[in-house]
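**Student:** Build me a model:
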Amino acid sequence: MGNNQRPIIDYERIASQQSFRQLARKKNSFLWSITAIFLVLYMLLPILTSFTEILHQKAIGDITWVWLYSAGLFIMTWGLAHFYVARANKYDAEAKAIIAEYEGGKSK
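**Tutor:** The predicted structure is shown next:
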């Protein structure tokens with residue numbers, strides 16, 4: 001193969017591999033779960049501050065729970081981002097194994 005030619009990749013064959021389908025299922029499940037957690041916790045802030053008095057109570061001195069909850073949202077966002085990157089690295093390793101599986105069975 002010359003420098004300008006790329007190998008022909010059968011994407012449908014890769015997508016039909018059981019290992020690829022399992023990876024896609026795991027990844028989608030993880031992404032939907034982490035998205036749901038993020039959205040629920042973020043949407044609770046305006047709900048709890050607008051319709052209840054729970055977060056308006058003093059927690060430490062004159063600092064109310066709304067400030068602590070808001071700070072917790074920043075910490076949660078960084079934590080979820082870190083967790084996502086760690087999990088994405090595992091998914092990348094699995095994807096490489098799937099590519100190797102595909103390349104090992106090309107002649108079939």
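**Student:** Give me the pLDDT for the residue most central in space within the chain.
**Tutor:** Central residue of the chain (CA atoms, centre = their mean): residue 31, 3.9 Å from the mean position. For residue 31, the pLDDT comes out at 96.
**Student:** and the longest helix for this structure?
**Tutor:** helix 65-104 (DSSP state H).
**Student:** Sort out which residues of it are buried, please.
**Tutor:** 65-66, 69, 94-95, 98, 102 (16 or more other CB atoms under 10 Å). In short, each C-beta sits where N, CA and C put it, glycine included.
**Student:** what's the answer for stretch 28-41, then?
**Tutor:** Quick answer for stretch 28-41 (16+ other CB under 10 Å): residue 30.
**Student:** how distant is it from the center of its chain?
**Tutor:** Distance of stretch 28-41 from its chain centroid, counting by CA atoms, centre = their mean, to the nearest Å, is 7 Å.
**Student:** Only the C-alpha atoms, please, for stretch 80-95, written as PDB.
**Tutor:** Output of stretch 80-95 as PDB, limited to C-alpha atoms (Å, rounded to 0.1, in the frame of the first residue of the first chain):
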ATOM      1  CA  LEU A  80     -17.700  13.300  37.400                       C
ATOM      2  CA  ALA A  81     -15.300  14.600  34.800                       C
ATOM      3  CA  HIS A  82     -12.400  12.800  36.500                       C
ATOM      4  CA  PHE A  83     -14.500   9.600  36.700                       C
ATOM      5  CA  TYR A  84     -15.500   9.900  33.100                       C
ATOM      6  CA  VAL A  85     -11.900  10.300  31.900                       C
ATOM      7  CA  ALA A  86     -10.800   7.200  33.900                       C
ATOM      8  CA  ARG A  87     -13.700   5.200  32.500                       C
ATOM      9  CA  ALA A  88     -13.100   6.500  29.000                       C
ATOM     10  CA  ASN A  89      -9.500   5.200  29.200                       C
ATOM     11  CA  LYS A  90     -10.800   1.700  29.900                       C
ATOM     12  CA  TYR A  91     -13.300   2.000  27.000                       C
ATOM     13  CA  ASP A  92     -10.400   3.000  24.700                       C
ATOM     14  CA  ALA A  93      -8.400  -0.100  25.800                       C
ATOM     15  CA  GLU A  94     -11.500  -2.200  25.000                       C
ATOM     16  CA  ALA A  95     -11.900  -0.500  21.600                       C
END
